[in-house]
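[1] Here is the input, now give the coordinates:
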Amino acid sequence: MFNLSYFSEAGFSDIVLGFLSGIRFDVTAAIITNLPFIVFHYNPFPFFYKKWYQLILKILFIFTNSVCILANVVDIVLFRFTGKRATTDAFSIMAFGEDFANTLPRMVLDFWYLVLLVIILVVLMNILYNRIKISNRKNSVLAQIVAYLLVFAFIFIGFRGGVQYRPINIMTASQHGSAKLVTMILNTPFTIIKTLGKEELAPIKYFSEKEAEEISPVIHNAPSSKSFQHKGRNVVIIIMESFGKEYIGGLNNYPGYTPFLDSLMKEGLVFTDAYANAKRSMEGIPAIVAGIPALMNEPFVTSAYNGNQVTSLARLLKEKNYSSAFYHGGNNGTMNFDNFSRLAGYERYLGRREYNNDKDFDGSWGIYDEPFFQYAAADMDKMQQPFITTIFSISSHHPYSIPSKYKEKFKKGPLPIHQAVMYSDYALKKFFDTVSKMTWFSNTLFVITADHAAISEYPKYQTKVGLYSIPIIFYTPDNSLKGQSSVTTQQIDILPAILDVLNYDNRYFAFGNSPFDSSASHYAINFLNENYQIISNGYALNMDTSHVISFYNYTLDSLLQNNLLNNDTAHQIPLERKLKAFVQNYNHALIDNKMTLKKDH
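    Below you'll find the model as predicted:
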């Protein structure tokens, strides 16, 4: 009801069927979470009828189910950002840094109606619980045995979600509705329970290792004609928080909220069919700087594989005498970015602590974009060249705080994020105004993208394809990269693309492909609700680990309403093979810690 626009492509009957199908998952979640209450309820001793024991049972019941209600209600808003139900990784994210404590008061203020909803539901639950009367009636032994057996059977079947061979899991929901309806069918306690301890990947073998490498190569050999620029072109990667494609007028047929970025796009190379590999910052950053897509529920930085050796731009270019720095105005420790930047080979991480001036603190996440971007520009001007740096903005993140002096400068849109996007775009303009006067500017490659897309106004950007649509822009002051490219591109392609521009001349490991390589396949990979998605040349295919679920032509069917499954095998089968080979290589590389190559001399 709160997110009806996200399910606009579904018919009324599909939504009703989704709700009814969801009861199966509700029952399972209710039984699993209330198992202690159920066990304590079957107490054969006389003190079961004592008031103190009944009070313990009531407290246990109200507490357990209040937590479950809270989890579901929180997901009403969280879903708008992640596109899925919360899983156990949500606890890992909350554990990093001071952000959760800093943003909680503002979130409660902004979403006060959800707090009220939780209170109403808990009070109603308490009233209904009090209507249950305990009767000390004696029943025959036979009646008690029958009752126990019936209840046990119900609990057993409900716990498993049916009498089928295997207990139901998150993927089971896809049997009851389209990929988009899966989130509605599920419930948050269920998805949290089903992802407990599930951070480890399972080996997958669709093809032989040789065949998988041929279909989806991860070993990249530089052409012999390449000669690395030993003087070195500087590289600056700018990651704009939540800058979904929807907000950018230059990528749509409406004004948008990024006038500066629109003007810069006219001077650079714009990939018009570009996608994020994830829905969260914690997953987007590894995809951009280290080419690691998010193909599991647990973010890489908190997973069992976060100690793996990784190939990254900073590491590869360090071999070419590049210095490096990662700038993020957030609280140090936020999303584990400081630790990940070191894993990815950055020599320095500079955050709110290094900025050391809290008069520019936004009260929640860190330093406002405009002053922090200026700080980053000044620091870069002191760095040894050539350098590779990454700047990650924060102001276009909820609660969308902007300095009070700009409250009237930037227009508000239908969504609260729109004004913050305009402010961050202005901060980007001021950054370029500053660095354009620095000596290193003319010899620098700028790459501008987003960590992920965010809340959406238009149905086109609420589909499973639109949820990942972002900008990817390459800009060089010498105009050597200019125009538009319709090549399907993703965040993990940024690493090989930059190496291509620099004429990198060594072998390296990368899941992605350079969009400048005409001999390579070009596509985008995502993972959501236990389903994989591959997007390529106007088509989008979704599958779980065993079979294809849907296949769409999103160029002709932007709302993904016409499932072409098995009706266009000429396009479907090659995409399915590509996706399977990619997933096989991904799992193999993470499990066996093989995301790097030995230095090839």
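
[2] can you pull the contacts of N72?
    The contact partners of N72, by C-beta atoms under 8 Å, 6 or more residues apart in numbering, come to 187-189. Placement of C-beta: from N, CA and C, glycine included.

[3] Name the nearest of these relative to A143.
    Using C-beta to C-beta, P189 comes nearest to A143 of these, at 33.2 Å.

[4] secondary structure element for the closest one?
    helix 188-194 (DSSP states H and E).

[5] Which secondary structure elements does that helix sit against?
    On a contact count with 3 or more C-beta pairs under 8 Å, 6 or more residues apart in numbering; DSSP states H and E, helix 188-194 meets helix 12-33, helix 51-82.

[6] E370 is nearest to which of these?
    Closest among the helices and strands packed on helix 188-194, using C-beta to C-beta: helix 51-82, at 23.8 Å.

[7] average model confidence for that closest one?
    Helix 51-82 shows a mean pLDDT of 91.

[8] related to what we said a few turns ago, as a markdown table, the contacts of N72 with neighbour count would be great.
    A markdown table is the format used below for the contacts of N72 (neighbours: other C-beta atoms under 10 Å):
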| residue | neighbour count |
| --- | --- |
| N187 | 23 |
| T188 | 24 |
| P189 | 25 |
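
[9] Put the alpha carbons of the helix holding P189 into PDB.
    Only the C-alpha atoms of helix 188-194 are listed here, as PDB (Å, rounded to 0.1, in the frame of the first residue of the first chain):
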ATOM      1  CA  THR A 188      11.200  -9.300   6.200                       C
ATOM      2  CA  PRO A 189      11.600 -11.800   9.200                       C
ATOM      3  CA  PHE A 190      11.600 -14.600   6.600                       C
ATOM      4  CA  THR A 191      14.300 -13.000   4.500                       C
ATOM      5  CA  ILE A 192      16.400 -12.300   7.500                       C
ATOM      6  CA  ILE A 193      16.000 -15.900   8.800                       C
ATOM      7  CA  LYS A 194      16.800 -17.400   5.500                       C
END
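
[10] C-terminal to it, what's the next element?
    Next along the chain from helix 188-194, counting by DSSP H and E, comes helix 209-215.

[11] what's near enough to touch the nearest residue to R352 once chain neighbours are set aside?
    Leaving aside its sequence neighbours, R352 sits nearest to G366 (C-beta to C-beta, 6 or more residues apart in numbering; 4.5 Å). For G366, the contact set (C-beta under 8 Å, 6+ apart) comprises 328-331, 334, 351-352, 372, 394.

[12] what bridges to G366?
    Beta bridges link G366 to G330, judged by DSSP bridges.

[13] mind checking how far the residue of the chain positioned farthest from its centre is from L121?
    Ranked by distance from the centre of the chain (C-alpha atoms, centre = their mean), the top residue is S140, with 56.7 Å. Noted for S140: a distance of 39 Å to L121, by C-beta to C-beta, to the nearest Å.

[14] where does the protein dip in pLDDT?
    Residues of the chain meeting the criterion pLDDT under 70: 9, 89-101, 165, 171, 174-175, 177-180, 198-199, 223-227, 229-231, 598-601.

[15] Grab the most central residue of it for me.
    Closest to where the C-alpha atoms of the chain average out (C-alpha atoms, centre = their mean) is K279, at 2.1 Å.

[16] just the helices in the stretch 151-300 of the chain please.
    Ranges of helices in the stretch 151-300 of the chain, per DSSP state H, counting those that start in this stretch, are 182-185, 188-194, 209-215, 259-265, 281-290.

[17] chain center to the second one: distance?
    This points to helix 188-194. With C-alpha atoms, centre = their mean, to the nearest Å as the basis, helix 188-194 stands 18 Å off its chain's centre.

[18] Could you list the residues in contact with that helix?
    Residues outside helix 188-194 that contact it (C-beta under 8 Å, 6+ apart) are 25-26, 28-29, 32-33, 68, 71-72, 74-75, 84-88, 90, 169-170.

[19] domain parsing for this structure?
    4-194, 233-513 (automatic domain parsing).

[20] Deepest-packed of those domains, please.
    Sort the domains of the chain by mean neighbour count, taking mean count of other C-beta atoms under 10 Å, and domain 233-513 sits at the top with a mean of 21.

[21] Q419 and P403 touch, don't they?
    No. Using C-beta atoms under 8 Å, Q419 makes no contact with P403, being 11.6 Å away.

[22] ok, now which ones touch D262?
    Per C-beta under 8 Å, 6+ apart, neighbours of D262: 248-250, 256.

[23] and the two most separated of the residues you listed?
    G250 and G256, at 7.0 Å, using C-beta to C-beta across the contacts of D262.

[24] quick one: contacts for the residue lying closest to V501 once chain neighbours are set aside?
    The shortest distance from V501 to any non-neighbouring residue, by C-beta to C-beta, 6+ apart, is to L445 (5.8 Å). Counting by C-beta under 8 Å, 6+ apart, L445 touches 233-236, 474-476, 481, 498, 501-502.

[25] if we go to 6 Å?
    By C-beta atoms under 6 Å, 6 or more residues apart in numbering, L445 lies in contact with 233, 235, 476, 501.

[26] who does it bridge with?
    Bridge pairing for L445 (DSSP bridges) gives the partners V235.

[27] Could you provide the contacts of N72 in CSV, with additional columns for distance to L564?
    Shown next, in CSV, are the contacts of N72 (distance: C-beta to C-beta, whole Å):
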residue, distance to L564
N187, 31
T188, 32
P189, 35
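
[28] and of the residues you listed, the nearest to D379?
    Taking C-beta to C-beta as the measure, D379 lies nearest T188 of those, at 41.7 Å.

[29] do you know how far that closest one is from V548?
    Distance from T188 to V548, by C-beta to C-beta: 27 Å.

[30] F7 now?
    Distance from F7 to V548, by C-beta to C-beta: 22 Å.

[31] can you check T463 too?
    On the measure of C-beta to C-beta, T463 and V548 end up 18 Å apart.
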